[in-house]
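In: A structural model of the following input is requested.
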Amino acid sequence: MKKLAVVAIGGNAVNRPGERPTAENMLSAIKEAMGYLVDMLDEYDIVITHGNGPQVGNILIQQEMAKEVIPPFPIDVNDAQTQGSLGYMIVQALRNRLAERGLNREVAALITQIVVDKNDEAFKKPSKPVGPFYTEEEARKLMMEKGWIMKEDAGRGWRRVVPSPKPLDIVEKEVVRMLLKNGVIVVAAGGGGIPVVRENGVLKGVEAVIDKDRASALLAIEINADELIILTGVEKVALNYGKPNQTFVDKLTVEEALKYLKEGHFPAGSMGPKIEAAIDFVTATSRTCLITDMKKLKEALSGETGTRIVRE
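Out: Numbers count the residues shown, from 1 in each chain. Predicted coordinates:
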């Protein structure tokens, strides 16, 4: 039997660094990404998740510029818009890649709601980067003019940050299981899912962006995945990233990952949520999480590269 993996693709798989965020460029990047994922299908059944930080941030900018003409939508509705648009692009690109190789598989993108706690401390302390990078001067101007909360993002520039509550439950998890049972390749929890709260049994959207890696870990736990694979812009996880004593690691136990996380090796705006997601998944399942660059996925799956987070 094939192994089941949840594969979380990062923003670079949708918008390459330095490229304009046009639909054409996004489709081109996603087509490339799907080529790497198709290579997995001999050994794996997969559920694909994806980020939406840049895309939802761009929608927020568009709506801010047009607010005198069309009222802005709340962030949860914008999350849903990016789930739909990116899900469409991923499904189309993956179907075309499958057809190129003569493979007949069904693919479906699922609009996914994820339950959060309305009292989560994240609503008081926004931390999730969305949208493009700005210089410090531009960021401070935006803070003054628009009231946005801006933070420096791992040495790459300044970005707007919004609340990022912890995902607690996946509303459509049974639908994902049903699709998998019927052999469908599923795209789910896009952008971390649409954040909702339950109030007296009723679902209601809230303004936030859930971290896609934390949501991917929860999804992997819920569907009993054999492996969580987090694809990012680096081949391996590094300690002292960007410093003269930078060191790449092949394997981290949960205990080691927690230790280095507390020591500040993994910033909240970049590698931190990925390590937290890996810890969540491995602790709950005693299985393995792999973190690597998408372009090195084949080598990483064969054990030649990448960083593995393991129970002990």
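In: low-scoring pLDDT stretches of the chain, where are they?
Out: 12, 269 (pLDDT under 70).
In: Any buried residues in the top helix by length along it, and which?
Out: Among the segments of the chain that qualify as a helix by DSSP state H, the longest is helix 75-100. Neighbour-count burial for helix 75-100 flags 75-76, 78-83, 85-87, 89-95, 97-98 (criterion: 16 or more other Cβ atoms under 10 Å). For the C-beta atoms, the positions are set from N, CA and C on the backbone; glycine is no exception.
In: cool, stretch 28-48 as well?
Out: For stretch 28-48, using 16+ other Cβ under 10 Å, the buried residues are 29-31, 33-34, 36-38, 40-41, 44-48.
In: Repeat that for stretch 258-266.
Out: Tyr260, Leu261, His265, Phe266.
In: For Val187, state which of those is nearest.
Out: Phe266 (26.9 Å; Cβ to Cβ).
In: Which of the buried residues of stretch 28-48 fall in strands?
Out: If you go by DSSP state E, these have Tyr44, Asp45, Ile46, Val47, Ile48 in strands.
In: What's opposite the third one in the beta bridge?
Out: Pointing back at Ile46 there. Bridge pairing for Ile46 (DSSP bridges) gives the partners Ala5.
In: any idea how far the residue most central in space within the chain lies from Asn96?
Out: In the chain, the residue lying closest to the centroid (Cα atoms, centre = their mean) is Lys212, at 3.1 Å. Lys212 sits 24 Å away from Asn96, going by Cβ to Cβ, to the nearest Å.
In: go on, Thr49?
Out: Taken as Cβ to Cβ, the span from Thr49 to Asn96 is 20 Å.
In: One more: Asp76?
Out: Distance from Asp76 to Asn96, by Cβ to Cβ: 31 Å.
In: cool, and Val77?
Out: 29 Å.
In: that older thread, check the offset of the longest helix of the chain from the chain's centre.
Out: Offset of helix 75-100 from its chain centre (Cα atoms, centre = their mean, to the nearest Å): 14 Å.
In: Stretch 24-42 too?
Out: 16 Å.
In: Check what contacts the host helix or strand of Ala238 and list those residues.
Out: Following DSSP states H and E, one finds Ala238 within strand 237-239. By Cβ atoms under 8 Å, 6 or more residues apart in numbering, the residues outside strand 237-239 that reach it are 246-249, 252, 260, 265-266, 271, 274-275, 291, 307.
In: quick revisit: what's the farthest-apart pair in the buried residues of stretch 28-48?
Out: Among the buried residues of stretch 28-48, Ala29 and Asp45 lie farthest apart (Cβ to Cβ), at 24.0 Å.
In: would you list every one of the strands in the stretch 101-250 of the chain?
Out: Assigned by DSSP state E, counting those that start in this stretch, the strands in the stretch 101-250 of the chain fall at 107-109, 113-115, 128-134, 150-152, 158-162, 169-170, 185-187, 194-199, 202-205, 227-232, 237-239, 247-249.
In: Give me the angle between the longest one and strand 158-162.
Out: Here the directions of strand 128-134 and strand 158-162 differ by 150 degrees (axes from the mean of the first three to the mean of the last three Cα atoms, to 10 degrees).
In: Show me which positions of strand 128-134 end up buried.
Out: Quick answer for strand 128-134 (16+ other Cβ under 10 Å): Lys128, Pro129, Val130, Gly131, Pro132, Tyr134.
In: of all the residues you listed, which comes closest to Lys2?
Out: Using Cβ to Cβ, the buried residues of strand 128-134 come closest to Lys2 at Lys128, 33.4 Å.
In: For Ala23, see how far away that closest one is.
Out: Per Cβ to Cβ, Lys128 is found 24 Å from Ala23.
In: Ok, Val115 next?
Out: 31 Å.
In: likewise Gly201?
Out: Taking Cβ to Cβ, one finds Gly201 at 39 Å from Ala23.
In: Of the two, which one has the most company?
Out: Ala23 (9 against 5; other Cβ atoms under 10 Å).
In: ok now do the more buried one, which residues does it touch?
Out: Shown in contact with Ala23 (Cβ under 8 Å, 6+ apart): no residues.
In: quick one, phi psi at it?
Out: The phi/psi pair for Ala23 (degrees, to the nearest 10) reads phi -60, psi -40.
In: My understanding was that Lys151 contacts Pro129; is that so?
Out: Yes. Counting by Cβ atoms under 8 Å, Lys151 sits close enough to Pro129 to count as a contact (7.2 Å).
In: and Leu258, how far is that from Ile9?
Out: Distance of Leu258 to Ile9, given as Cβ to Cβ: 26 Å.
In: what does Gln55 give?
Out: 13 Å.
In: Ok, Leu297 next?
Out: 10 Å.
In: list the residues that contact both of those two?
Out: Residues touching both Leu297 and Ile9 by Cβ under 8 Å, 6+ apart: Leu37, Leu231.
In: So which of the two has more stuff around it?
Out: Ile9 (27 against 21).
In: hey, where'd the helices end up in the stretch 201-312 of the chain?
Out: 212-222, 254-262, 271-285, 297-301 (DSSP state H, counting those that start in this stretch).
In: Kind regards, and thank you for your time.
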